[in-house]
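Trainee: Sequence plus the predicted model coming up.
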Amino acid sequence: MDKVLRMSSEKGVVIFSKSSCCLSYAVQVLFQDLGVSPKIHEIDKDPECREIEKALMKLGCSKPVPAVFIGGKLVGSTNEINFSPHTEFARGISKNATKLSQSFK
Amino acid sequence: FQHCPNKLRILLKFAVEGSMNSTSTHFVPPRRVGIYEPLHQFGMWGETFKNNIGNGGDMNTPSHIIIPNNQKLDNNNLSEDTSHGTGGTPHTFDQEASTSRHPDKIQRRLAQNREAARKSRLRKKAYVQQLETSRLKLIHLEQELDRARQQGFYVGNGIDTNSLSFSEPMNPGIAAFEMEYGHWFQEQNKQICELRTVLQGQVSDVELRLLVENGMKHYFDLFRMKSAAAKADVFFVMSGMWRTSSERFFLWIGGFRPSDLLKVLLPHFDVMTDQQILDVCNLRQSCQQAEDALSQGMEKLQHTLADCVAGGRLGEGSYIPQVNSAMERLEALVSFVNQADHLRHETLQQMHRILTTRQAARGLLALGEYFQRLRALSSSWATRHRELT
């Protein structure tokens, strides 16, 4: 859990994904399209993959990947935000994300 | 009727009288038989009994009529059917014992055998004739289904209209979806008609708001239904099997492409404010970005699935070694369908937010009519194709 919290604050935008997960890939593409360069953690390449999964689920994700953290805060798995065009939330996120990833550069 | 042995005759008579009195609970016809003529046409009963004998229970067969089975028939009528073998043993003993001493008995035996054989041939002929009739009925039914589709009714694709083979037992989740969609479809047509009528005259904003809310809710219902169907059979949803061929041509991850739709609808709204135009353009751009991301994800999914299926050695006739990982990929497909529908849902929500009630009503009407035209195109194309051949 600590590891997850640490990893999620490493950069403005952090995405937990798996190399085999195509939806995670779609999320990455979306953020790149928005002009944001997120930090991507492929947890299936991490030896502690199982623990990371459990921690992510405990933090509120219905599925461990893809999980998006902005400014260290979990903004849910894809259902809620990433593909919602133009909700206040999504707009706010992309604004924050750009700001934050720039501040971390 | 003459070919039926006595016991069966009695049963059939009871059945007919029973159904006419509607007090008998034994021979209640299944609902599906609604497609046949009323029960007091006796020929039907003969047919449905014969069709059920030794039947494996395909989907068009009435399954809860009580049938006297062949075995019982033979046992009840040994005096007529001794040559059929099942009840034959005690009589053959008699036959052997009596042959040497009673040549008349031999003659009688032979005559009975001939008679039984003749009756068997006649029964077989009757059965084959009934099969032929059923086959013709089936062709007729399929033609009616085609006609219904052309007239704009939704008819499920579970029935294969290209061949006379009965489909395999249908996925109950998909069967449920198709039924629900049939209702949804009719309700949709009703709503479009109502919107059209109402917008041609004078209507209060309050009433219009109600219609718009209902229209939106109706689409959201469809997304909910699709989500359940995707869990039952994701390929069914991905291929848009419940839609007409022209709709399927434009299919993007199991439904319409939101950005395309916005492009189609944009010119059809009444005067829009600059802010509205800006908002809609931003919405379209967000849609395109989201669609692009999802499309790329889908491409990756296809590549990895193809790699999975091709894994191991091809050409040795062995099944794919990584079945589990292939199945996992297909689970991911369900997520994609849900994401795409979520995107459609969000797009509709945002449009509702951006537009006025009146504009939203016109938008829903335009959207509905667009799909109606698309479906009509399918029918026109199909008929044109037939006329050519």
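Mentor: The structure has been received and is ready for your questions. Computed from a predicted structure; not experimentally measured.
Trainee: need the contact list for the closest residue to B:D260 other than its chain neighbours.
Mentor: For B:D260, ignoring the flanking residues on the chain, the nearest one in space by CB to CB, 6 or more residues apart in numbering or on different chains is B:F250 at 7.2 Å. (C-beta placed from N, C-alpha, C; glycine too.) B:F250 sits next to B:256-257, B:260, B:374 when contact means CB atoms under 8 Å, 6 or more residues apart in numbering or on different chains.
Trainee: pretty sure B:L305 is touching B:E328, no?
Mentor: No: using CB atoms under 8 Å, B:L305 makes no contact with B:E328, being 9.8 Å away.
Trainee: between the two, who's got more neighbours?
Mentor: B:L305 (18 against 15; other CB atoms under 10 Å in any protein chain shown).
Trainee: That one - that's part of a helix, no?
Mentor: Yes: secondary structure of B:L305 (DSSP: H, G, I helix; E, B strand; the rest coil): part of a helix.
Trainee: Report how many residues lie close to B:E207.
Mentor: For B:E207, using other CB under 10 Å, the count is 12.
Trainee: cool, B:E247 as well?
Mentor: The number of residues near B:E247, taken as other CB under 10 Å, comes to 17.
Trainee: List the buried residues in the helix or strand that contains it.
Mentor: If you go by DSSP states H and E, B:E247 is part of helix B:245-249. For helix B:245-249, the neighbour count (16 or more other CB atoms under 10 Å in any protein chain shown) marks B:246-247 as buried.
Trainee: Then stretch A:64-72?
Mentor: A:64-71.
Trainee: Mind checking which of these are in strands?
Mentor: Among the buried residues of stretch A:64-72, the members falling in strands (DSSP state E) are A:67-70.
Trainee: Same list (the residues you listed) but as TSV, adding pLDDT and distance to chain B.
Mentor: As requested, those are arranged in TSV below (pLDDT from 0 to 100; distance: CB to the nearest CB, whole Å):
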residue	pLDDT	distance to chain B
A:A67	84	14
A:V68	82	13
A:F69	82	18
A:I70	77	17
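Trainee: hey, where'd the helices end up in chain B?
Mentor: B:6-21, B:42-52, B:70-76, B:78-81, B:89-99, B:103-150, B:172-200, B:205-232, B:234-238, B:245-249, B:258-265, B:274-310, B:323-354, B:357-388 (DSSP state H).
Trainee: hmm, back to that, need the phi and psi values for the residue nearest to B:D260.
Mentor: Per-residue torsions, B:F250: phi -100, psi 10 (degrees, to the nearest 10).
Trainee: who's in contact with stretch B:305-324?
Mentor: With CB under 8 Å, 6+ apart, stretch B:305-324 has contacts from B:325-326, B:329-330.
Trainee: If we use 6 Å, what do you get?
Mentor: B:325-326, B:329 (CB atoms under 6 Å, 6 or more residues apart in numbering or on different chains).
Trainee: Same question for stretch B:258-270.
Mentor: Residues contacting stretch B:258-270 (CB under 6 Å, 6+ apart): B:284, B:287-288, B:291, B:343-344, B:347, B:359, B:363, B:366.
Trainee: In that stretch, which residues are buried?
Mentor: For stretch B:258-270, by 16+ other CB under 10 Å, it's B:258-259, B:261-262, B:265, B:269.
Trainee: Which single one of these is nearest to chain A?
Mentor: B:P258 (7.5 Å; CB to the nearest CB).
Trainee: quick one: pLDDT of the closest one?
Mentor: The model reports B:P258 with a pLDDT of 92.
Trainee: Distance-wise, check it relative to B:L266.
Mentor: Per CB to CB, to the nearest Å, B:P258 is found 12 Å from B:L266.
Trainee: Also B:M351?
Mentor: 10 Å.
Trainee: Mind listing the shared neighbours of those two?
Mentor: By CB under 6 Å, 6+ apart, no residue touches both B:M351 and B:L266.
Trainee: mind checking pLDDT for whichever residue of the stretch 101-250 of chain B sits closest to chain A?
Mentor: With CB to the nearest CB, the shortest gap between the stretch 101-250 of chain B and chain A falls at B:S227, namely 11.0 Å. At B:S227, the model reports a pLDDT of 93.
Trainee: any idea how far the closest residue in space to it that isn't next to it in sequence is from B:M238?
Mentor: Distance criterion CB to CB, 6+ apart; nearest residue to B:S227, sequence neighbours excluded, is B:N338 at 5.8 Å. For B:N338, the distance to B:M238 equals 12 Å [CB to CB].
Trainee: Please identify which of the two sits among more neighbours.
Mentor: B:N338 (23 against 20).
Trainee: Where does pLDDT dip in chain A?
Mentor: A:76-105 (pLDDT under 70).
Trainee: Grab the nearest non-local neighbour of A:K45.
Mentor: Here the nearest residue to A:K45 in space, its sequence neighbours aside, is A:S19; by CB to CB, 6+ apart that works out to 6.6 Å.
Trainee: hang on, that neighbour in a strand?
Mentor: No: A:S19 is assigned coil when assessed by three-state DSSP, not a strand.
Trainee: May I have the phi/psi pair for it?
Mentor: Per degrees, to the nearest 10, the backbone of A:S19 is at phi -60, psi -20.
Trainee: is it true that it touches A:E42?
Mentor: Yes: at 4.9 Å, A:S19 counts as touching A:E42 under the criterion of CB atoms under 6 Å.
Trainee: Looking at those two, which one has more neighbours?
Mentor: Neighbour totals were compared for A:S19 and A:E42, and A:E42 leads with 16 against 12 (other CB under 10 Å).
Trainee: beta partners for the more buried one?
Mentor: Beta bridges link A:E42 to A:S17, judged by DSSP bridges.
Trainee: pretty sure it contacts A:C21?
Mentor: No: with contact defined as CB under 6 Å, A:E42 does not count as touching A:C21 (8.9 Å).
Trainee: before we move on, what SS does the most far-flung residue of chain A relative to its centre have?
Mentor: In chain A, the residue that sits farthest from the middle, by CA atoms, centre = their mean, is A:P47; the gap is 19.4 Å. When classified by three-state DSSP, A:P47 comes out as coil.
Trainee: Quick check: the gap between it and A:K3.
Mentor: 11 Å.
Trainee: With B:L294 instead?
Mentor: 30 Å.
Trainee: Among these two, which residue is more densely surrounded?
Mentor: Taking other CB under 10 Å, B:L294 and A:K3 do not tie; B:L294 has more neighbours (25 against 12).
Trainee: what sits against that one?
Mentor: Counting by CB under 6 Å, 6+ apart, B:L294 makes contact with A:A26.
Trainee: go on, A:S24?
Mentor: Counting by CB under 6 Å, 6+ apart, the residues that A:S24 touches are A:17, A:65-66.
Trainee: give me that answer again for 10 Å
Mentor: By CB atoms under 10 Å, 6 or more residues apart in numbering or on different chains, the contact list for A:S24 reads A:15-18, A:40, A:42-43, A:63, A:65-68, A:77-78, B:297, B:300, B:332.
Trainee: Restricted to buried residues, select the residues you listed in ChimeraX.
Mentor: Per 16+ other CB under 10 Å, the buried members of the contacts of A:S24 correspond to this ChimeraX selection:
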select /A:15,16,17,18,40,42,43,63,65,66,67,68,77,78 /B:297,300,332
